[in-house]
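*Asks:* coordinates only, sequence not included:
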């Protein structure tokens, strides 16, 4: 089959959706399907050159909405070449163009990527008010007319129905996650330690994600200073999109733990997998996490996860014995670290085995391409 995905950007700096789509595209190709992506990226962007599938880039975007005068004409001319179309995410022009080009003419699906979580409505009332006309004007119609609306968990699907109104969708939970690393763990470890040689033979907790207030990085530093043993280090790996890192570093200095907190920047490829394999445990005290692709990656590497109860897959991972779960508060984050530090070695080893089982049973994304293909094959 020929599948078209439409997404605002394939830049990995934007987190989970671009990362997930790159992996999904690799899965389509592995199974013998053709995949193409339409984006609002600048066609001159360096990161587009490395991709093993065709990209039709309609940027550069001149504002956050991402209006492009060429995307809609391109979709109207080219959409019929594809057996299925998937729109990734909401709230930008790509969704408006997709609805105008496709509704009533061609079946399409919408992959939500957590963008209807009520979390985004509560603390940002001005943002909610701004989103309301967009919802009525386009997003509601985009979802209403979709053949299926795709979610990564039951929790996400239930939360979406409470976010905006009116709301009508043919929801479907799909297998999401990661195909996991290759088998050469020694190669991955070397790659990470070449980048961060100071972590050789160090115990450390790994945070891997955007340095953003939503992720609870401030809670993590405060809790680490309060609860971590003197020989435990913390690696905070990810892009600093909001310029928050300097403030966090200053706070670490005030707390006397700056020498045990390390900031390698965004990790990818072998160095990313190496960070997972070298870490003692993974930690994510996020205030909202639709799925948390990094959680699935950690589990694939037999790494226990310390996550907040605002990560939508927390209940499943905890029930499988692979997670410590607490509220997204300072006390909750501190308790996660304390529980891990006080846990017997035998119990930690049991959690590592449970982590890999959890990944294989729930978050091995190699099943996702066939799920989407079958969606468009069905009558």
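*Replies:* Cool, got the structure. No experiment lies behind these values; they were computed from the predicted model shown.
*Asks:* quick one: low-confidence parts of the stretch 101-250 of the chain?
*Replies:* Across the stretch 101-250 of the chain, the ranges flagged by pLDDT under 70 are 120-128.
*Asks:* hmm, try it at 80
*Replies:* 118-130 (pLDDT under 80).
*Asks:* what are the ranges of the strands in it?
*Replies:* Ranges of strands in the stretch 101-250 of the chain, per DSSP state E, counting those that start in this stretch, are 108-111, 148-151, 171-173, 203-208, 232-237.
*Asks:* ok, residues contacting the second one?
*Replies:* Residues external to strand 148-151 that are found in contact with it (C-beta atoms under 8 Å, 6 or more residues apart in numbering): 86, 109-112, 143, 157, 160, 169-174, 372, 375. Every C-beta, even on glycine, is put in place using the N, C-alpha and C of the backbone.
*Asks:* over to the fourth one?
*Replies:* Residues from elsewhere that reach strand 203-208, judged by C-beta under 8 Å, 6+ apart: 215, 217, 220, 224, 228, 231-238, 262, 267, 272, 275-276, 278-284, 294, 297-298, 303, 306, 337, 340.
*Asks:* return the set of buried residues in that strand.
*Replies:* Buried residues in strand 203-208, counting neighbours by 16 or more other C-beta atoms under 10 Å, are found at 204, 205, 206, 207, 208.
*Asks:* remind me which residues of the stretch 251-379 of the chain are low pLDDT?
*Replies:* The stretch 251-379 of the chain contains residues with pLDDT under 80 at 290, 378-379.
*Asks:* just to revisit the earlier point, residue 137: which of the strands of the stretch 101-250 of the chain is closest?
*Replies:* Smallest distance to residue 137 across those (C-beta to C-beta): 15.9 Å, for strand 108-111.
*Asks:* so which elements touch the closest one?
*Replies:* Applying 3 or more C-beta pairs under 8 Å, 6 or more residues apart in numbering; DSSP states H and E, one finds that strand 108-111 contacts strand 84-88, helix 93-102, strand 148-151, helix 368-377.
*Asks:* just checking: what are the partner strands of it?
*Replies:* In the sheet, strand 108-111 lines up against strand 84-88 (parallel), strand 148-151 (parallel) (DSSP bridges).
*Asks:* between those strands, which one is closest to residue 311.
*Replies:* The minimum distance between residue 311 and the strands paired with strand 108-111 falls on strand 148-151, with 14.7 Å, by C-beta to C-beta.
*Asks:* how far does that closest one sit from its chain's centre?
*Replies:* Strand 148-151 sits 16 Å away from the centroid of its parent chain (C-alpha atoms, centre = their mean, to the nearest Å).
*Asks:* next one: stretch 27-41
*Replies:* In terms of C-alpha atoms, centre = their mean, the centre of stretch 27-41 is found 19 Å from the chain centre.
*Asks:* pLDDT (mean, whole number) over that stretch?
*Replies:* The predicted model gives stretch 27-41 an average pLDDT of 96.
*Asks:* before we move on, the earlier item: just the buried residues from the contacts of strand 203-208, in PyMOL please.
*Replies:* To isolate the buried ones among the contacts of strand 203-208 in PyMOL, judged by 16+ other C-beta under 10 Å, type:
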select buried, resi 215+217+220+224+228+232+233+234+235+236+237+238+262+267+272+275+276+278+279+280+281+282+283+284+294+297+298+303+306+337+340
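*Asks:* need the contact list for residue 225.
*Replies:* Applying C-beta under 8 Å, 6+ apart, we find residue 225 in contact with 252, 255, 256, 257.
*Asks:* now it: how far from residue 334?
*Replies:* Counting by C-beta to C-beta, to the nearest Å, the gap from residue 225 to residue 334 is 9 Å.
*Asks:* cool, and residue 95?
*Replies:* When residue 95 is compared with residue 334 (using C-beta to C-beta), they lie 40 Å apart.
*Asks:* if you count surrounding residues, which of these two has more?
*Replies:* residue 95 (24 against 21; other C-beta atoms under 10 Å).
*Asks:* of all the strands paired with strand 108-111, which lies closest to residue 242?
*Replies:* With distances scored as C-beta to C-beta, the stretch of the strands paired with strand 108-111 nearest to residue 242 is strand 84-88 (22.6 Å).
*Asks:* run through who's touching the closest one.
*Replies:* Outside strand 84-88, the residues within contact range by C-beta under 8 Å, 6+ apart are 1-8, 17, 21, 79, 94-95, 98, 102, 106-111, 113, 142, 146, 150, 372-373, 375-376.
*Asks:* run the last query once more with 7 Å
*Replies:* Residues outside strand 84-88 that contact it (C-beta atoms under 7 Å, 6 or more residues apart in numbering): 1, 3-7, 17, 21, 79, 94-95, 98, 102, 106-111, 113, 142, 372, 376.
*Asks:* run the chain-centre distance for it.
*Replies:* For strand 84-88, the separation from the chain centroid amounts to 18 Å (computed by C-alpha atoms, centre = their mean).
*Asks:* pLDDT on it, on average?
*Replies:* 97.
*Asks:* between helix 368-377 and it, find me the angle.
*Replies:* Here the directions of strand 84-88 and helix 368-377 differ by 120 degrees (axes from the mean of the first three to the mean of the last three C-alpha atoms, to 10 degrees).
*Asks:* quick thing: my sequence starts at 49, can you match it?
*Replies:* Done: numbering now begins at 49, and the last item shifts to strand 132-136.
*Asks:* tilt between strand 132-136 and helix 141-150?
*Replies:* Using the same axes, to 10 degrees: strand 132-136 against helix 141-150 is 150 degrees.
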